[in-house]
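*Asks:* heads up, no residue letters with this:
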């Protein structure tokens with residue numbers, strides 16, 4: 001499915017609140033927070049010139065979040081950042097003064113954190129980020145996972161000391177159960193999706209993601225003309241699209257949101273012109289994108305600044321995983337998880353369809369920016385799909401350098 005955004009609010013300004021959440025001042029503050037993380041380093045921006053030639057575009061750059069903060073996913077930027085912000089706010093309340101991130105490991109901040117329990121629902125990556133943030137500051141974490149989350153992903157979260165709670169059903173069921181349990185026990189929900197009355201904390205999670213787009217723009221030789229970003233509830237797509245709209249204005253790139261066809265909650269919302277929940281049918285291999293109702297905040301932003309919405313099928317996502325692992329001769333190999341390369345799958349589909357290609361104004365001068373949102377966060381699943389271990393794929397680039 002492919003839709004050009006025709007909602008009534010398309011290309012109208014973001015709300016003041018959303019502009020403040022995703023604007024330059026907030027993004028600079030995110031980078032200041034990251035500077036206090038011991039293992040922080042910018043993730044690579046990888047150029048694929050041979051693939052660009054094959055697809056008849058000027059350039060393709062992929063921001064590779066498979067290297068982010070030891071978690072292998074862009075989600076490392078969001079949940080942990082929100083947890084740190086919330087702990088510092090609690091310490092500020094207790095001390096009746098503003099507590100800065102430079103005091104993160106002070107006795108006063110540790111005392112505030114020790115009294116807090118943060119909770120969330122997750123498909124895997126967001127939960128790891130929240131759990132890592134809680135461990136970093138000394139808070140407790142309760143992470144709710146639905147029946148479709150693999151044991152390996154659960155174990156990866158538990159390694160950060162979080163209490164793991166299994167929930168029957170899908171991701172949306174786990175969101176509801178996490179909210180219910182947190183309200184009952186006085187825990188703080190740190191969700192990457194939002195709903196009426198609960199927007200500020202998901203906004204902080206999205207704010208954390210702005211770091212990756214700032215890093216990418218600094219490294220690109222020229223600004224992108226087109227951006228394709230995959231989406232679950234919409235957080236990463238909205239953060240990137242919102243930041244680009246604020247900072248580039250009328251010069252912003254054509255922005256396309258890419259959904260799995262089996263969990264196309266944003267496409268269906270674009271079709272309806274409002275947030276809609278879709279039925280849970282057959283699970284998708286794109287596990288980190290398997291969401292059935294958009295985040296309210298994310299939809300509010302994307303309805304204004306996204307230009308198009310599209311879906312990709314299971315085989316298209318799998319094909320791109322393999323294509324990145326065994327790239328066009330001359331291009332580096334990239335380890336992309338089941339959801340990581342979906343933006344590229346959208347690009348490949350669009351250039352192969354004359355209607356989409358024309359509507360998006362794709363051509364030989366197009367400069368494409370994509371985000372590999374996750375590496376092999378489930379290595380066993382990755383090997384099953386690609387036929388190679390993640391380390392074997394990564395070793396190809398080492399061999400080229402030698």
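*Replies:* Received the coordinates, thanks. Owing to the predicted nature of the structure, the values given are computational and were not obtained by experimental measurement.

*Asks:* where in the chain is pLDDT low?
*Replies:* Low-confidence segments of the chain, defined by pLDDT under 70, span residues 399-402.

*Asks:* So which residue is dead centre in it?
*Replies:* residue 236 (3.9 Å; CA atoms, centre = their mean).

*Asks:* List the contacts of that one.
*Replies:* Going by CB atoms under 8 Å, 6 or more residues apart in numbering, residue 236 touches 74, 206, 209, 229, 230, 371, 373. Quick note: C-beta positions are derived from backbone N, CA and C, even for glycine.

*Asks:* In ChimeraX, how would I select the buried members of the residues you listed?
*Replies:* Under the burial definition 16 or more other CB atoms under 10 Å, those of the contacts of residue 236 that qualify are selected in ChimeraX by:
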select :74,206,209,229,230,371,373
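
*Asks:* will you turn the contacts of residue 236 into JSON lines that also has secondary structure?
*Replies:* Converted to JSON lines, the contacts of residue 236 look like this (DSSP: H, G, I helix; E, B strand; the rest coil):
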{"residue": "74", "secondary structure": "helix"}
{"residue": "206", "secondary structure": "helix"}
{"residue": "209", "secondary structure": "helix"}
{"residue": "229", "secondary structure": "strand"}
{"residue": "230", "secondary structure": "strand"}
{"residue": "371", "secondary structure": "strand"}
{"residue": "373", "secondary structure": "coil"}
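
*Asks:* Tell me the helix or strand right after the helix or strand harbouring the residue nearest to the centre of the chain.
*Replies:* Here residue 236, judged by DSSP states H and E, is contained in helix 235-248. Downstream of helix 235-248, the first helix or strand assigned by DSSP H and E is strand 254-260.

*Asks:* What pairs with that next one, parallel or antiparallel?
*Replies:* strand 226-230 (parallel), strand 308-312 (parallel) (DSSP bridges).

*Asks:* so what does the helix or strand just after the last one touch, helix or strand wise?
*Replies:* Okay, so that is strand 308-312. Per DSSP H and E, strand 308-312 leads on to helix 314-325 as the next helix or strand towards the C-terminus. The contact analysis (3 or more CB pairs under 8 Å, 6 or more residues apart in numbering; DSSP states H and E) places helix 314-325 against helix 342-351, helix 379-386.

*Asks:* From the contact counts, what lies against the longest one?
*Replies:* The one in question is helix 342-351. helix 49-55, strand 59-64, strand 226-230, strand 254-260, strand 308-312, helix 314-325, helix 354-359, strand 367-372.

*Asks:* Touching that helix from outside, list them.
*Replies:* Outside helix 342-351, the residues touching it (CB under 8 Å, 6+ apart) are 2, 55-57, 60, 62, 226, 228-230, 256, 258, 260, 286, 289, 310, 312, 316-317, 319-320, 323-324, 336, 356-357, 360, 362, 368, 370-371, 373.

*Asks:* repeat that for 6 Å
*Replies:* Residues outside helix 342-351 that contact it (CB atoms under 6 Å, 6 or more residues apart in numbering) are 55, 228-230, 258, 286, 310, 312, 316-317, 320, 356-357, 360, 362, 370-371.

*Asks:* again with stretch 268-280
*Replies:* Here stretch 268-280 makes contact (CB under 6 Å, 6+ apart) with 3, 7, 170, 265, 292, 293, 294, 299, 309.

*Asks:* just stretch 96-106 next, same as before
*Replies:* Residues outside stretch 96-106 that contact it (CB under 6 Å, 6+ apart) are 33, 36, 88, 91, 92, 109.

*Asks:* Which of these are buried, as a ChimeraX select command?
*Replies:* Here is the ChimeraX command that selects the buried residues among those (16+ other CB under 10 Å):
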select :33,88,91,92,109
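
*Asks:* Next one: residue 363 relative to residue 353, how far apart?
*Replies:* According to CB to CB, to the nearest Å, residue 363 and residue 353 sit 14 Å apart.

*Asks:* cool, residue 331 as well?
*Replies:* Distance from residue 331 to residue 353, by CB to CB: 23 Å.

*Asks:* Residue 152 too?
*Replies:* Distance of residue 152 to residue 353, computed by CB to CB: 36 Å.

*Asks:* returning to that earlier point: which of the strands paired with strand 254-260 sits closest to residue 146?
*Replies:* In terms of CB to CB, the element of those nearest to residue 146 is strand 226-230, at 19.6 Å.

*Asks:* so where do the strands sit in the chain?
*Replies:* 2-4, 45-47, 59-64, 117-122, 140-146, 163-167, 188-189, 226-230, 254-260, 308-312, 367-372 (DSSP state E).
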